[in-house]
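> Provided below are the primary sequence and the corresponding predicted coordinates.
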Amino acid sequence: MTTTTLSSHADLPSRGPLLTRGGWGSILIALLVVCAVAPVLNLLVPEGSPLHLSDYMVGLLGKIMCYAICALAMDLIWGYTGILSLGHGLFFALGGYVMGMYLMRQIGTDGNYKSELPDFMVFLDWKELPWHWALSDSFIATLALIVLVPGLVAFVFGYFAFRSRIKGVYFSIITQALTFAAMLLFFRNETGFGGNNGFTDFKRILGVPITTQGMRMTLFIITGVTLLGFFLWARWLVRSKFGRVLQAIRDAESRVMFCGYDPLPYKLTIWTISAVMCGVAGALYVPQVGIINPREMSPASSIEIAVWTAVGGRASLLGPIVGAFLVNGAKSWLTVTFPEFWLYCLGALFIAVTLFMPEGIVGLVRKMRRAGK
Amino acid sequence: MMLRVLRGTVLAMAAVWGPAALALTAQDALQLVEGTIGERVEALARLAAEPDDQAAALIRALADESVRYQDGRVFIVEGDRARDAVSGETLALPEGAEEPMINNRLRGALQTALAGLDLLADDVATQRRAAATLQASAFDDPDPAQLPLIDGALAPGHADRLDVHARESLLLAQAALQLGSDEVPVRQAAAQKLGDARQPIVRALLQQRLDVEEDAAVKASLKASLSAVDRSLATSAALGQVFTGVSLGSILLLAALGLAITYGLMGVINMAHGELIMIGAYATYVVQSLFRQYLPGAFDWYLLAALPAAFLSSALVGALMERSVIRFLYGRPLETLLATWGISLVLMQAVRSLFGAQNVAVENPAWMSGGVTVLGNLTLPWNRIVIIAFAMLVLAGVALLISRTRLGLFVRGVTQNRPIAACMGVNTARVDTFAFAAGSGIAGLGGCALSQVGNVGPDLGQSYIVDSFMVVVLGGVGQLAGTVYAALGLGVINKFLEGWTGAVLAKIAVLVFIIVFIQKRPQGIFALKGRTA
């Protein structure tokens, strides 16, 4: 990208501490809310009480926190490095599928067909697990694969794309083609990912039933802590020297090269990190939502991640998280009350954000503060 | 014309031929309705081979299940009266007349017999259809009982009345039946003749005979015919694939031509391009519905009205998009991408609200249904042929628009050097709008064409957007020639891979191929050289 209007000076990393005292305070409060307040409101406050946090809300918030991780990942690659990926849904789904495979194996013989194999394999008349399911019995291996699979795919793809200096819109379109191709592939029954229906009907995780309140709350807390952890990590990344180079690449890639830097390793690293974050988000998403299917890889889901980031504000780390919460909150409200209008609103949001608030909500807030001073 | 007059004369003379040969006897008629199925089929075959008018009427009536019999007399029911099949006397249907039993075997034989009767028909289409029926039944299930009928039709006196294609079908049917003959020379001739057939089923027929054949010479002919059939099958299969490939390519071309202007020349990433195609298709649907309601007589020509309607509606939407959104985002491709994606969502939902979420039915006009048959078993549908021709026309139109018209000159000038063009007095803003509207309108034309071969629904555009971007990216930006080669190439490659690996894997393979290709040549197949790039 050449002249983005995003490089506000407020972002330039100073050599100060990672967060101000107030910042750390907010993080602590957020941590407290996730780990203590939410569980208490959900589990201890009786159901009739106005303070009670319903199971539906716990599920919804958990889901949105997963989306927020995606938006954060998108911000690292788009907001800070200037590379718009329209294929992040692929990494999200890959992480989700790795988790889904483990959960499918955890069903054991409780499926409809009472077989050792997942139901859809019995349905296809397969006699044994395909090779890529070999590690799906082990939780440790699953945890490793959640990081490795999206990471490896992103690394290989990124290496070839960045090496031949594919930039800007070309890169966006190719990532879109990538996730589209993967979606077609996962729709196939022969590839062994459950085809159209994907994976669902999960029963337990690590032997513990997955639908209990306690399990849901645990997943919720893990997701929240992960989101906060990723936020701090991203904060550290963008304030480091590495992060400064990334922003320099975003603003003037040629100049960075003339200064003697090779952009390839920088882009490749942040691209892979971003993909891994999405993969982790996907892995946390699947047990909470209870289903994963190839539609998560559709170009539309990937481009939605971009809009959360844009709404919240690119090149600020808080923005994408806010954006993910706002857009998805509006979505789950509108799709219930006015299902007809959701797409109009989403479409209008895309247009309005790009035309009127290129720096998103965070940009608006900043502008208002500046005007107030 | 001459020929038809001639044929008419011949027919008039030949009308005497039937009854002169032998008249239907009471015994013949009885054999057809009484006795075992085997005997009746035999009688039917005998009658059908040398039919007179009475026998023909009886066979048709039997097929219609309007035959009754009693006390050795056979009647044909006509309304509430009955006619004696032999004497032709009309009388009230006698009480308690029995209806002859018809089972599947007899029904099959009746069908063959009816086809034999149709062979005597005057018009070519009926003859061909009848011959095709006979050929199909001879290939499917060769029954020597049919042989006399076909032999009769091919006999020197009658054969010259047959249409050439019908005659060829009959010869093949005859050969298929003669393959089981006891005489070696007949078998050999049949085996040789079947080499001309171009149908997969003949392969099985020949193979079956080869397995039991003992005569060396016949064996050799069978083998030669087998390989001839294989060769012709392979050729027509390959040709068929090239045709569907070109057809797919022309559809991609139509989808991508508009993009070649908006993206290729103007550099605007328009993710709503697919929706402009969809609007064109829906405009076609609306025009079709209007014609059906107000001008049913001219329904066959509704496409002529639909073309400008599709062009204008898409162009209008395009112009609105350009004026209201895209113009503020020039030079910011990523933002354009997101905003136009938003527009595409709104357009899709708008169509859903207006026309419902289900697909709507767009009918082909009569002259576009059916197809031409080439090489025996390869049929090229008319609608595909028309679309290929249409794509070429639109391509020529776009090429002329860009290279020959004032607007084209302005567009090229503005895209090459905007400030200088402005200094020369070109209203660059208006040129942008016109160019974008033209590109959108061409997308609408593509939609009009697509409505003739595929489903029309709110998601129509989504399935073409990735493909059409791939075409433009592969072909190189700012290049019409590149777009053409890329579209046709992708279409043909896609169809060939499809034959190999199945549709979805073919699509994936093509996407992977493009990703790899872009690695090597990021500028596309044809890159502009020098300062214009």
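Cool, the structure landed.
> And the strands in chain A?
Listed in chain order, the strands of chain A (DSSP state E) span A:199-200, A:204-205, A:208-209, A:291-292.
> pLDDT of stretch B:476-483, averaged?
The pLDDT scores in stretch B:476-483 average 70.
> can you check stretch B:401-413 too?
For stretch B:401-413, the mean pLDDT works out to 87.
> Which helix or strand contains B:Arg68?
strand B:67-70 (DSSP states H and E).
> For A:Leu86, grab phi and psi.
When read as degrees, to the nearest 10, the backbone of A:Leu86 gives phi -110, psi 20.
> Save the strands of chain A as TSV, and put in distance to B:Gly108, mean neighbour count and mean pLDDT too.
From N, CA and C alone the C-beta is placed, and that goes for glycine too. Compiled in TSV, these are given as follows (distance: least, Cβ to Cβ, whole Å; neighbours: other Cβ atoms under 10 Å in any protein chain shown; pLDDT from 0 to 100):
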stretch	distance to B:Gly108	mean neighbour count	mean pLDDT
strand A:199-200	51	20	88
strand A:204-205	61	17	86
strand A:208-209	63	12	86
strand A:291-292	53	24	92
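> B:Ala153 is in contact with B:Asp163, isn't it?
No - look at B:Ala153 against B:Asp163 with Cβ atoms under 8 Å: they stay out of range, at 11.6 Å.
> For these two, indicate the residue with more neighbours.
A count of neighbours by other Cβ atoms under 10 Å in any protein chain shown puts B:Ala153 above the other of B:Ala153 and B:Asp163, at 26 against 17.
> helix, strand or coil for the more buried one?
Counting by DSSP: H, G, I helix; E, B strand; the rest coil, the backbone at B:Ala153 sits in helix.
> Distance of it relative to chain A?
B:Ala153 is 51 Å from chain A, where distance means Cβ to the nearest Cβ, to the nearest Å.
> repeat for B:Pro94
In terms of Cβ to the nearest Cβ, B:Pro94 sits 62 Å off from chain A.
> cool, B:Phe410 as well?
25 Å.
> can you tell me which helix or strand that residue belongs to?
Using DSSP H and E, B:Phe410 falls within helix B:406-416.
> and stretch B:149-156, which residues are buried?
Using 16 or more other Cβ atoms under 10 Å in any protein chain shown as the test for burial, stretch B:149-156 gives B:Leu149, B:Ile150, B:Gly152, B:Ala153, B:Leu154.
> what's around B:Gln452, how many residues?
B:Gln452: 23 surrounding residues under other Cβ under 10 Å.
> residue contacts, it?
B:Leu303, B:Val362, B:Asn364, B:Met368, B:Asn383, B:Val386, B:Ile387 (Cβ atoms under 8 Å, 6 or more residues apart in numbering or on different chains).
> where does the chain dip in pLDDT?
Reading this off chain A. A:1-16, A:373 (pLDDT under 70).
> Hmm, no, I was thinking of chain B.
Chain B contains residues with pLDDT under 70 at B:1-23, B:145, B:156-160, B:198, B:375-377, B:477-479, B:499, B:519, B:522-533.
> How about the residues of it by chain A?
Residues of chain B lying near chain A by Cβ under 8 Å from any Cβ of the partner chain: B:269, B:325, B:328-329, B:333-339, B:341-346, B:348-350, B:352-353, B:462, B:466, B:469-470, B:473, B:504-505, B:507-508, B:511-512, B:514-515, B:518-520, B:522.
> ChimeraX command to pick out the buried ones of the residues you listed?
Selection of buried members from the residues of chain B next to chain A for ChimeraX, criterion 16+ other Cβ under 10 Å:
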select /B:269,325,329,333,334,335,336,337,338,339,341,342,343,344,345,346,348,349,350,352,462,466,469,470,473,504,505,507,508,511,514,515,518,522
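> Geometric centre of chain B: which residue is closest?
Taking Cα atoms, centre = their mean, the centroid of chain B lies closest to B:Pro381, which sits 2.5 Å from it.
> What's opposite that residue in the beta bridge?
B:Pro381 forms beta bridges with B:Gly371, as assigned by DSSP bridges.
> Chain B contacts on the stretch 51-200 of chain A?
With Cβ under 8 Å from any Cβ as the criterion, the stretch 51-200 of chain A meets chain B at residues A:84, A:160-161, A:163-166, A:168-170, A:172-174, A:176-178, A:180-181, A:184-185, A:187-188.
> In the one helix or strand B:Thr133 maps to, which residues are buried?
Following DSSP H and E, one finds B:Thr133 within helix B:124-140. Buried residues in helix B:124-140, counted by 16+ other Cβ under 10 Å: B:124, B:126-135, B:137-139.
> What's the separation between the residue in chain A that chain B sits nearest to and B:Leu488?
Residue nearest to chain B within chain A (Cβ to the nearest Cβ): A:Phe350, separated by 2.4 Å. Distance of A:Phe350 to B:Leu488, computed by Cβ to Cβ, to the nearest Å: 34 Å.
> With B:Leu248 instead?
For B:Leu248, the distance to B:Leu488 equals 9 Å [Cβ to Cβ].
> In contact with the spatially most central residue of chain A, which residues?
By Cα atoms, centre = their mean, chain A has its centre lying nearest to A:Cys70, at 2.1 Å. Contacts for A:Cys70 (Cβ under 8 Å, 6+ apart) come out as A:His88, A:Phe92, A:Met277, A:Cys278, A:Ala281, A:Ile305, A:Trp308, A:Ala324.
> quick one, helices of the stretch 251-373 of chain A?
Shown for the stretch 251-373 of chain A, the helices assigned by DSSP state H, counting those that start in this stretch span residues A:253-258, A:263-289, A:299-312, A:318-337, A:342-356, A:360-372.
> The residue lying closest to B:Thr415 once chain neighbours are set aside: neighbour count?
In space, and not counting its chain neighbours, B:Thr415 is closest to B:Leu265: 5.2 Å by Cβ to Cβ, 6 or more residues apart in numbering or on different chains. Using other Cβ under 10 Å, B:Leu265 has 23 neighbouring residues.
> again, but for A:Cys259
Applying other Cβ under 10 Å, we find 10 residues neighbouring A:Cys259.
> and stretch B:403-419, which residues are buried?
Using 16+ other Cβ under 10 Å as the test for burial, stretch B:403-419 gives B:Gly408, B:Phe410, B:Val411, B:Arg412, B:Gly413, B:Val414, B:Thr415.
> How about residues contacting it?
Applying Cβ under 8 Å, 6+ apart, the contact partners of stretch B:403-419 are B:261, B:265-267, B:400-402, B:420-421, B:424, B:426, B:428, B:431-432, B:434-435, B:438, B:478, B:532.
> what sits against B:Ile518?
A:Ser164, A:Ile166, A:Tyr170, A:Ile174, B:Val473, B:Leu474.
> And whatever helix or strand B:Ala109 lives in, what does it pack against?
Assigned by DSSP H and E, B:Ala109 belongs to helix B:104-118. Here helix B:104-118 touches helix B:37-49, helix B:53-63, helix B:124-140, helix B:147-154, going by 3 or more Cβ pairs under 8 Å, 6 or more residues apart in numbering or on different chains; DSSP states H and E.
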